[in-house]
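Chemist: my questions concern the predicted model and sequence given below.
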Amino acid sequence: MLSRGVGDADSSPVFDLIVPGFLRAMPTQISWLTVSPRAAGVLRFGRALIVGSGATLVDFSVLTLAIRAVGLMPTTARLPALLAGATVQFFGNRAYTFRAQRGSITRQARLFLVAEVAALAMNFGLFQLLMPRLSQLPPELVSFVGTFLVFVGFAYPVRRLVIFKLPGDARPDASL
């Protein structure tokens with residue numbers, strides 16, 4: 001039996017808006033298939049990369065629209081872009097990456113906000129550290145490298161083990 005997440009208990013209006021139709025049509029659980037904990041972790045990490053890519057696309061789209069169409073200064077346009085990307089990140093991770101809708105949204109949102117502030121500080125500090133050492137690279141690329149390192153070393157583990165971990169989960173890789 002396949003569970004697709006559209007229209008069932010794992011679906012949400014925000015999830016349905018931000019996840020492309022072809023991804024919603026992909027099976028998220030196959031009851032006759034046993035997946036090892038390592039494979040489940042790899043699949044979950046892949047879903048996190050998909051959500052992160054979508055959040056980045058929304059962030060850059062809002063930023064570009066605010067600068068080019070609305071005429072905001074880039075520094076002013078950055079705030080709505082960051083908020084839009086973070087919103088996609090939160091709801092996408094809650095619904096798609098970690099399937100944590102049973103958890104308290106208030107608790108998850110508070111923890112997410114604290115973790116995002118910490119990740120922002122880490123991203124800024126790491127960028128400051130990397131930029132002089134990788135000065136031959138464009139700053140945008142250095143930023144992406146630093147952001148990915150913070151994602152792998154901090155943001156993803158905190159989301160998986162703290163923010164979106166549901167009560168009663170026996171182990172972090174208990175479900176796809």
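Modeler: Received it, and whenever you're ready, just let me know what you need. None of these values were measured; they are calculated from a predicted model.
Chemist: check the gap between the residue of the chain positioned farthest from its centre and residue 95 for me.
Modeler: For the chain, the C-alpha lying farthest from the average C-alpha position belongs to residue 136; by Cα atoms, centre = their mean, that distance is 29.3 Å. With distances taken as Cβ to Cβ, to the nearest Å, residue 136 is found 41 Å from residue 95. For glycine as for every other residue, the C-beta is placed from the backbone atoms N, C-alpha and C.
Chemist: for residue 48, same thing?
Modeler: Residue 48 sits 12 Å away from residue 95, going by Cβ to Cβ.
Chemist: cool, residue 102 as well?
Modeler: Separation of residue 102 from residue 95 (Cβ to Cβ) stands at 11 Å.
Chemist: more crowded one of these two?
Modeler: With neighbours defined as other Cβ atoms under 10 Å, residue 102 and residue 95 compare such that residue 95 has more, 23 against 10.
Chemist: was I right to think the more buried one contacts residue 101?
Modeler: Yes: checked against Cβ atoms under 8 Å, the pair residue 95 and residue 101 is within contact range at 6.1 Å.
Chemist: all strands for this structure, in order.
Modeler: Taking DSSP state E, the strands of the chain run over residues 2-3, 29-30.
Chemist: just to revisit the earlier point, backbone dihedrals for the residue farthest from the centre of the chain, please?
Modeler: In this entry, residue 136 is assigned phi and psi values of phi -80, psi -10 (degrees, to the nearest 10).
Chemist: show the pLDDT at it.
Modeler: Looking at residue 136, its pLDDT reads 94.
Chemist: burial count for residue 112?
Modeler: Counted by other Cβ under 10 Å, the residues lying close to residue 112 total 22.
Chemist: just checking, it touches residue 155?
Modeler: No: taking Cβ under 8 Å as the definition, residue 112 is not a contact partner of residue 155, at 9.9 Å.
Chemist: and for these two, which residues touch both?
Modeler: Listed as contacting both residue 112 and residue 155 by Cβ atoms under 8 Å, 6 or more residues apart in numbering is no residue at all.
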